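Undergrad: next comes the sequence, and after it the predicted model I'd like to discuss.
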Amino acid sequence: MRILIYSYNYYPEPIGIAPLMTELAEGLVTRGHEVRVVTGMPNYPQRQIYPDYQGKFYCTEERNGVVIQRSFVWVRPKPSLMTRMLLDGSFVVSSLTQALRGWRPDVILLTVPPLPVCIPATLLGWFYSCPVVLNLQDILPEAAVHVGLLKNKTAIQVFEALEQFAYRSAHTISVITDGFTENLMGKGVPADKISCIPNWVDVNFIRPLPKVDNPFRRVHHLEDKFVVMYSGNIALTQGLQTVIQAAAKLREVPEIVFVIVGEAKALDDLWQICCQHQLENVLLLPFQPREQLPEMLAAADVGLVMQKGNVVGFNMPSKIQVLLASGRPVIASVPATGTAARAIRQSGGGVVVEPESPEQLAGAILDLQANPTKAEMLAQQGRKFALSQYSFEQALGRYEALFREIATSTGFPSEAVPNLNSEN
């Protein structure tokens, strides 16, 4: 098959949807399919165009058999509603030109967010006479409104109209959790239009590794410590202040050290809070190279999943799969009735505590430190669940089967069009 993946984020961006779409594209190539990816110039999480791509409006490259067609995006380091709209708008306009340069696909996979990209993807579906699969990684604008990121009534109405347009125009909607399915069906989307394929983790890459003689522990002088680690996005929805407050409550336990890994600029705010509390048991580190991720996760005794209490229940952090696969117990400070809490409980790989409660978070950490047998049991159950439910090969097979079923049922041909890929 010929598959066009329309994804704002892609390699070499190290976190979020980028690694997932990179693995999916390259996995499809290994199974004999032709894949091209329409994406933006890499800029996340620094929110600055990477040095090798600065000054370019378009560029096309190939990596591991995947044709990557990049286009200009207007990005600024400090996001606001207006800068976010300009960012999305720039990608909508610039990416369409790249998407028209190349062969006719049998199917288009569109990742959302950003939501406005449903417009050029729909136009492409009409132009190429092929079905569009809408891959929902978050439900917008509902999630943004719920946490107060989007307040302008006019903007909300525009995004709600875009949301309905995206659902109507897509041939199929792939979602990452049953919570998304329930939400969409509540908005009138037919059940037979929805396919649930959870996000995955490469269980061969992310795997349990020994803590003894761990390079990450050795470099950061953590050999004899009980390491509580958070790694990932640091934004309004995570509420990392709760972690700092829990660290303050445990400052008298010298064996426990908190390690927070994230975007350098976001760490500055946390550093200010640490200084206010005069904390010496918190280590703040920038994102590590992806090839070092397995040993970094293996350096932890406990992995954290953090959400604020006002996060919508259907939100499913992709780090859950990664932490479970790493073979370390998880403490999830998340809403008790949400999708994240449900996933942790189903996996048997961790415990759930009340969000924004430093007392409960600190108590759960002390409990696992004092009960290594319990911690090891949770770790083993989480790894086992990741192997059975979140393996990449399983997800790849489900996407491949979905694409074949859609292309066959719709009868869309794969007719070549002139290859206009060019390097500018």
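TA: Noted; the coordinates are in hand.
Undergrad: okay, now the unreliable bits of the chain?
TA: Across the chain, the ranges flagged by pLDDT under 70 are 236, 411-424.
Undergrad: quick one: the strands in it, in order.
TA: For the chain, the strands defined by DSSP state E cover 2-6, 34-40, 58-63, 66-71, 107-112, 132-136, 172-175, 194-196, 226-231, 256-262, 282-286, 302-306, 330-333, 350-353.
Undergrad: how about the ones you listed in TSV, adding mean neighbour count and distance to Leu150?
TA: No exception for glycine: its C-beta is placed from N, CA and C like everyone else's. What follows is those, written out as TSV (neighbours: other C-beta atoms under 10 Å; distance: least, C-beta to C-beta, whole Å):
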stretch	mean neighbour count	distance to Leu150
strand 2-6	25	23
strand 34-40	25	21
strand 58-63	15	31
strand 66-71	22	25
strand 107-112	26	15
strand 132-136	26	17
strand 172-175	22	21
strand 194-196	17	24
strand 226-231	23	25
strand 256-262	22	23
strand 282-286	17	29
strand 302-306	26	21
strand 330-333	27	24
strand 350-353	23	28
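Undergrad: possible to save those strands as CSV with distance to Thr154?
TA: Output for the strands of the chain, formatted as CSV (distance: least, C-beta to C-beta, whole Å):
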stretch, distance to Thr154
strand 2-6, 27
strand 34-40, 26
strand 58-63, 32
strand 66-71, 28
strand 107-112, 21
strand 132-136, 24
strand 172-175, 26
strand 194-196, 29
strand 226-231, 36
strand 256-262, 33
strand 282-286, 38
strand 302-306, 32
strand 330-333, 35
strand 350-353, 38
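Undergrad: nearest to Pro210, out of these?
TA: Nearest to Pro210 among the strands of the chain is strand 226-231 (13.6 Å), distances taken as C-beta to C-beta.
Undergrad: who are the packing partners of the closest one?
TA: Other helices and strands packing on strand 226-231, by 3 or more C-beta pairs under 8 Å, 6 or more residues apart in numbering; DSSP states H and E, are strand 256-262, helix 293-298, strand 302-306.
Undergrad: out of the ones you listed, nearest to Leu96?
TA: Per C-beta to C-beta, nearest to Leu96 of these: strand 256-262, 33.1 Å.
Undergrad: restrict that closest one to CA atoms and write it as CSV.
TA: These are the backbone C-alpha positions of strand 256-262, laid out as CSV (Å, rounded to 0.1, in the frame of the first residue of the first chain):
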residue,chain,number,x,y,z
ILE,A,256,15.0,9.6,48.7
VAL,A,257,15.9,11.8,45.8
PHE,A,258,13.5,13.3,43.2
VAL,A,259,14.6,13.5,39.6
ILE,A,260,12.6,15.7,37.2
VAL,A,261,13.6,15.6,33.5
GLY,A,262,12.0,18.0,31.1
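Undergrad: parallel or antiparallel, which strands does that strand pair with?
TA: Applying DSSP bridges, strand 256-262 is found paired with strand 226-231 (parallel), strand 282-286 (parallel).
Undergrad: using TSV, lay out those together with distance to Lys308.
TA: As requested, the strands paired with strand 256-262 are arranged in TSV below (distance: least, C-beta to C-beta, whole Å):
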stretch	distance to Lys308
strand 226-231	14
strand 282-286	19
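Undergrad: to Tyr399, which of those lies closest?
TA: Comparing those by C-beta to C-beta, strand 226-231 comes nearest, at 26.3 Å.
Undergrad: okay, which residue is most central for this protein?
TA: Gly16 (3.1 Å; C-alpha atoms, centre = their mean).
Undergrad: residues contacting the nearest residue to Lys265 once chain neighbours are set aside?
TA: Residue nearest to Lys265 in three dimensions, not counting chain neighbours: Pro77, with 7.2 Å by C-beta to C-beta, 6 or more residues apart in numbering. Going by C-beta atoms under 8 Å, 6 or more residues apart in numbering, Pro77 touches 46-48, 265.
Undergrad: now, these that are in helices?
TA: Lys265 (DSSP state H).
Undergrad: isn't Phe258 up against Val243?
TA: Yes - in this structure, Phe258 is within contact of Val243 by C-beta atoms under 8 Å, at 6.2 Å.
Undergrad: any shared contact partners between those two?
TA: What both Phe258 and Val243 touch, as defined by C-beta under 8 Å, 6+ apart, is the set Tyr230.
Undergrad: so for Cys59, which of the helices and strands packed on strand 226-231 sits nearest?
TA: helix 293-298 (26.9 Å).
Undergrad: quick one: list the elements packing against that closest one.
TA: Against helix 293-298 (3+ C-beta pairs under 8 Å, 6+ apart) you get helix 215-219, strand 226-231.
Undergrad: okay, these in TSV with distance to Tyr167 next?
TA: Formatted as TSV, those follow (distance: least, C-beta to C-beta, whole Å):
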stretch	distance to Tyr167
helix 215-219	43
strand 226-231	33
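Undergrad: out of these, which is closest to Glu23?
TA: Comparing the helices and strands packed on helix 293-298 under C-beta to C-beta, the one sitting nearest is strand 226-231, at 18.4 Å.
Undergrad: what lies in contact with the closest one?
TA: Contact with strand 226-231 is made by 217, 240, 243, 255-262, 287, 296-297, 299-304, 306, 319, 331, 365, 369, as judged by C-beta under 8 Å, 6+ apart.
Undergrad: circling back: narrow the contacts of Pro77 to those that are buried.
TA: The neighbour count (16 or more other C-beta atoms under 10 Å) marks Gln46 as buried among the contacts of Pro77.
Undergrad: which pair in the contacts of Pro77 spans the largest distance?
TA: Top of the distance list for these (C-beta to C-beta): Gln48 and Lys265, 10.1 Å.
Undergrad: let me see the ranges of the helices in the stretch 51-200 of the chain.
TA: Assigned by DSSP state H, counting those that start in this stretch, the helices in the stretch 51-200 of the chain fall at 81-99, 118-128, 142-146, 153-169, 178-186.
Undergrad: thinking again about what came up before, distance to Val133 added to the helices and strands packed on strand 226-231, as JSON lines?
TA: Formatted as JSON lines, the helices and strands packed on strand 226-231 follow (distance: least, C-beta to C-beta, whole Å):
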{"stretch": "strand 256-262", "distance to Val133": "31"}
{"stretch": "helix 293-298", "distance to Val133": "28"}
{"stretch": "strand 302-306", "distance to Val133": "28"}
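Undergrad: distance of the closest residue to Pro289 other than its chain neighbours from Asn204?
TA: Closest residue in space to Pro289, ignoring its immediate chain neighbours: Pro14 at 7.7 Å, by C-beta to C-beta, 6+ apart. Distance, Pro14 to Asn204, by C-beta to C-beta, to the nearest Å: 18 Å.
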